[in-house]
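1. pasting the sequence and the predicted model now:
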Amino acid sequence: MIEKYLSLVKKPSRYINSELNSVKKNTAKLKFCFCFPDLYEIGASNLGIEILYHIVNNRDDSLAERAFCPDTDLEEIMKRENIELFSLETETPLRYFDIIGFSLQYELSFTNILTILDLSKIPFFAKDRNNGNYPLIIAGGPVCFNPEPVADFFDLFVIGEAEDVIHEIIDCFIKNKFSKEPKNKDKLLYELSRIEGVYVPGVHKDKQNLSIKNRIVDLEKSYYPTKPIIPYVQTVHNRLNLEISRGCVYNCKFCQATNIYRPWRERSTETILKYLTEGIKNTGYERVTLSSFSVSSYSEIENLLREVSNCCISKKVSLSVPSLRCDEKSKKILQYLVFQKKTNLTFAIEAGSQRLRNIIGKNIKDEDIFETIKTAYALGWRAIKLYFMIGLPTETFDDIESIINLVNKLFLSFPKIRFNITISPFVPKPHTPFQFEKMEDIETLIQKKKILSKKLRGNLKFHNIYMSKLEGIFSRGDKSLSKLIVLAWQKGAKFDHWHERFNYEIWNESIKELNIEPEIFLRKREHSETLPWDFIKLS
Amino acid sequence: MLYKKKYLYRIRFSRTGKLRFLSHLEQIETIRRAIRRAELPVNYSSGFHPQMKVSFGPAISVGYESYSEVADIEMGKNMDPHEIFNLLAQHLPAGFSILEIKKIPSFLPSIDSSANLAEYTIENLEERFSEEQIKKTIEETLSQKEIPVEISKNNRVEKIDLRKLIYKLEYKNKKTILFLRFGPKRNIKPEIVIGYIFKLDDISIKSLKICRQMLYIEKPDGTIVKI
């Protein structure tokens, strides 16, 4: 159906459905479609969807397929030719699935949810889907820890890790679908709302007495895909991803992931090695990455790396790790990453001054930074990426100067290293100690950016400040924002996560038209205040 | 340094159906991964970034089917081509088929630098022209001594004589067959040639069904041999 149009669009291999290790089942009692509200190359790298996709397909009674947001060129053709959005595996229109599960990883993907529903001829608001045989529209992922801005669009949210709860949802759905009693969406939603870690906006209306606990899984026992789908398109990840741990041992006060993925859990070295061998065999990937919020915190990291590294060398696979903490343990890790030398090594410094680093809970010292980079340099690295944030609570212009001083000192000490510096505005996130803090106003952020752009050496990359502002509005937003998302979408907002596509004018116009006061969401909160996400209790 | 044994094999394969939408780079990655999964005893370069010693044929355009995709694989073990076929075939995604595996001398120049002529079939012209019109246009084209055109490539306009690139052009069994020369500084897509000759707009060009049937080496004396 779609094939004859694929010659007309960019990167058509996003839309072909024969990726290796994808699963095609013809029929099942329950049909699940996983959606990632962004382009294929972003969504296909998402580990959460990958895990859940295989969990559902491993059930005899269920099947899972995938859909992504088509790029604007294909969207235009689909609208003109009246083609509905289809799943990749069997090209089934999304409307014919029982459940559509969205992965919400960042706020700026909200408009793409609407594009997907629009192309599927599914009403945006859950209240408009009571009559008619629409699929259940559900969501999971970190953004759901404050689901309110999009709560009106969804029938159900999974709060926390979904590996176990997805079985409970499917069991409940199948029981309901095949019961002899007349079909009733209210009854189904009520039954689903009784599952732990599930938030059903249509049922859970009394927020005062509501307490929803996030789900946590036993990592070692939990399913991990060793036969992941291999995309044809160059995705953002494009390598074998081995999750060695979940959670974080540190308590950085700005970090949402630290708080919502508690506690720190490790997979055993034995299990990781098993997944590694199987994964390489099943994919043929030439690169492996050990995924963890803090690789160096893994209790037997040296032993693990020795084993993993030996396996990688014998299979001619290169090994990499995500961003490292500047500390003693990381220095030991570096020697095992010989294949990665030509690529970037990433360190998240976050703040320039010791004072501010102590306040935000990132207690690394300047000496640690210098020592770690010295080790990396000695081992052969010549490209290093540093992350900083601006607009952190209590930050003054002295702290901005500290970033400049630190980076300049690094430049002088390591003239042969190419430093790439990424700077992002701090966005206060729900469920963090900084959830009460005011988000820095846009004028000050711009001023700080100006100073840094002028004085900072190296290859500088700035996160778009207006994108951060919008992120700030949504991350601590409430139900009143769903109409803003709809209006901005109607005015043409889409792919807001993409710098070159983001159009703040549209959002600004929509905010004004709806008389929304952004300050309500960006301001400092009192500890006595009820926050929109208070009903979600961290386990 | 140990002396590495070298055995060179040329694999010709097809890509059909939806896999025609892969880019050349995506296809290379896909084939490399299939070779790794098949655990063929391929040689690797030495150094920090060991690279698999496999070289690929001339790039294929997104949307084109092909029966002339080529990978030259250097292996450290002498193997029977049938054995290679058995190992590799089961690891190729559906849409790729191995057509031929032959052992080639290890001193042979790379396929990319030796092939200089490609045979294409073009379908769908019949949607706009009668068979008579197609045949007449072909005849007119071939009767011309030169066809100077200006082609913009990477924001640069290049002057090129299309006629010189056409080795053969004919209409047979409801298919237009084009033998197109290519090489450094004269890489023109067949859709551009057909589009120019038949005066097609962009949308019609994109709806042509094009297949690269075979690659040849045209020798200085004008004779051609299959790769």
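-> Nice, I can see it. Residues are numbered from 1 along each chain as shown, chains lettered A, B, ... in the order given.

2. neighbours around the residue nearest to A:Ser13 when sequence neighbours are not counted, how many?
-> The shortest distance from A:Ser13 to any non-neighbouring residue, by CB to CB, 6 or more residues apart in numbering or on different chains, is to A:Tyr232 (4.4 Å). (Glycine included, C-beta is placed from N, CA and C.) Around A:Tyr232 there are 26 other residues, counting by other CB atoms under 10 Å in any protein chain shown.

3. what count of nearby residues applies to the closest residue to A:Cys33 other than its chain neighbours?
-> Leaving aside its sequence neighbours, A:Cys33 sits nearest to A:Phe97 (CB to CB, 6+ apart; 4.2 Å). Here the number of neighbours of A:Phe97 (other CB under 10 Å) works out to 25.

4. distance of A:Phe97 from B:Ser45?
-> Distance, A:Phe97 to B:Ser45, by CB to CB, to the nearest Å: 47 Å.

5. next, count neighbours for B:Ile31.
-> 24.

6. same check on B:Glu126?
-> By other CB under 10 Å, neighbour count at B:Glu126 equals 14.

7. what do you get for A:Glu84?
-> With neighbours defined by other CB under 10 Å, the count for A:Glu84 comes to 15.

8. for A:Lys315, give me its contacts.
-> A:Ile280 (CB atoms under 8 Å, 6 or more residues apart in numbering or on different chains).

9. which bits of chain A sit near chain B?
-> With CB under 8 Å from any CB of the partner chain as the criterion, chain A meets chain B at residues A:3-4, A:6-8, A:11-13, A:15-20, A:230, A:232-234, A:280-286, A:316, A:318, A:338-339, A:341-342.

10. identify all contacting residues around the helix or strand hosting A:Leu452.
-> According to DSSP states H and E, A:Leu452 maps onto helix A:442-455. By CB under 8 Å, 6+ apart, the residues outside helix A:442-455 that reach it are A:390-391, A:397, A:400, A:403-404, A:423, A:425, A:460, A:462, A:465-466, A:468-469.

11. mind exporting the C-alpha coordinates of stretch A:501-515 to PDB?
-> Extracted in PDB, the C-alpha atoms of stretch A:501-515 (Å, rounded to 0.1, in the frame of the first residue of the first chain):
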ATOM      1  CA  ARG A 501      12.300  22.100  13.400                       C
ATOM      2  CA  PHE A 502      11.400  23.700  16.700                       C
ATOM      3  CA  ASN A 503       9.400  26.900  16.300                       C
ATOM      4  CA  TYR A 504       8.900  28.800  19.500                       C
ATOM      5  CA  GLU A 505       6.800  31.400  17.900                       C
ATOM      6  CA  ILE A 506       4.000  28.900  17.400                       C
ATOM      7  CA  TRP A 507       4.100  28.000  21.100                       C
ATOM      8  CA  ASN A 508       4.300  31.600  22.200                       C
ATOM      9  CA  GLU A 509       1.300  32.500  20.100                       C
ATOM     10  CA  SER A 510      -0.700  29.500  21.500                       C
ATOM     11  CA  ILE A 511       0.300  30.300  25.100                       C
ATOM     12  CA  LYS A 512      -1.000  33.900  24.600                       C
ATOM     13  CA  GLU A 513      -4.100  32.800  22.800                       C
ATOM     14  CA  LEU A 514      -5.100  30.500  25.700                       C
ATOM     15  CA  ASN A 515      -4.100  33.100  28.300                       C
END
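
12. contacts for stretch A:374-382, please.
-> Against stretch A:374-382 from outside (CB under 8 Å, 6+ apart): A:331, A:334-335, A:338, A:341, A:345, A:384, A:413-414, A:416-418.

13. most neighbours out of those residues, which is it?
-> In the contacts of stretch A:374-382, the most neighbours by other CB under 10 Å go to A:Leu345, 25 neighbours.

14. re the thing from before, in ChimeraX, how would I select the buried members of the residues of chain A next to chain B?
-> The command below creates a ChimeraX selection of those among the residues of chain A next to chain B that count as buried (16 or more other CB atoms under 10 Å in any protein chain shown):
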select /A:6,7,8,11,12,13,15,16,17,18,19,20,230,232,233,280,282,283,284,285,286,316,318,338,339,341
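
15. return the subset of the residues of chain A next to chain B lying in strands.
-> A:Ser318 (DSSP state E).

16. contacting residues for the one residue in the stretch 301-450 of chain A that gets nearest to chain B?
-> Nearest residue of the stretch 301-450 of chain A to chain B, counting by CB to the nearest CB: A:Lys316, 4.9 Å away. Residues counted as contacts of A:Lys316 (CB under 8 Å, 6+ apart) are A:286, B:44, B:50, B:52.

17. distance of the most far-flung residue of chain A relative to its centre relative to A:Ile384?
-> Distance from the centre of chain A peaks at A:Lys180, with 39.9 Å (CA atoms, centre = their mean). Going from A:Lys180 to A:Ile384 by CB to CB gives 65 Å.

18. tell me, how many residues neighbour B:Glu139?
-> Neighbours around B:Glu139, by other CB under 10 Å: 12.

19. again with the one 5 residues further on
-> By other CB under 10 Å, 12 other residues sit near B:Gln144.

20. go ahead and confirm it touches B:Asp161.
-> No. Judged on CB atoms under 8 Å, B:Gln144 makes no contact with B:Asp161 at a distance of 9.9 Å.

21. and stretch B:115-129, which residues are buried?
-> So for stretch B:115-129, counting by 16+ other CB under 10 Å, buried means B:115-122, B:125.

22. what lies in contact with it?
-> Counting by CB under 8 Å, 6+ apart, B:57-58, B:68, B:70, B:134, B:137, B:167, B:174-183, B:190, B:194, B:198, B:200, B:204, B:207-218, B:224, B:227 sit against stretch B:115-129.

23. could you pull out the helices in chain B for me?
-> Counting by DSSP state H, one finds helices in chain B at the ranges B:24-37, B:81-89, B:111-114, B:131-143, B:162-165, B:190-197, B:202-206.

24. what lies in contact with the fourth one?
-> Contacts of helix B:131-143 from elsewhere in the structure, counted by CB under 8 Å, 6+ apart, are B:125-126, B:129, B:147, B:163, B:166, B:169-171, B:174, B:176, B:197-198.

25. apart from its chain neighbours, what residue comes closest to B:Glu150?
-> Nearest non-adjacent residue to B:Glu150 (CB to CB, 6+ apart): B:Val157, at 5.2 Å.

26. could I get the pLDDT score of the residue of the stretch 301-450 of chain A closest to chain B?
-> With respect to pLDDT, A:Lys316 scores 89.

27. so who does A:Ser468 touch?
-> Applying CB under 8 Å, 6+ apart, the residues contacting A:Ser468 are A:424-425, A:427, A:445.
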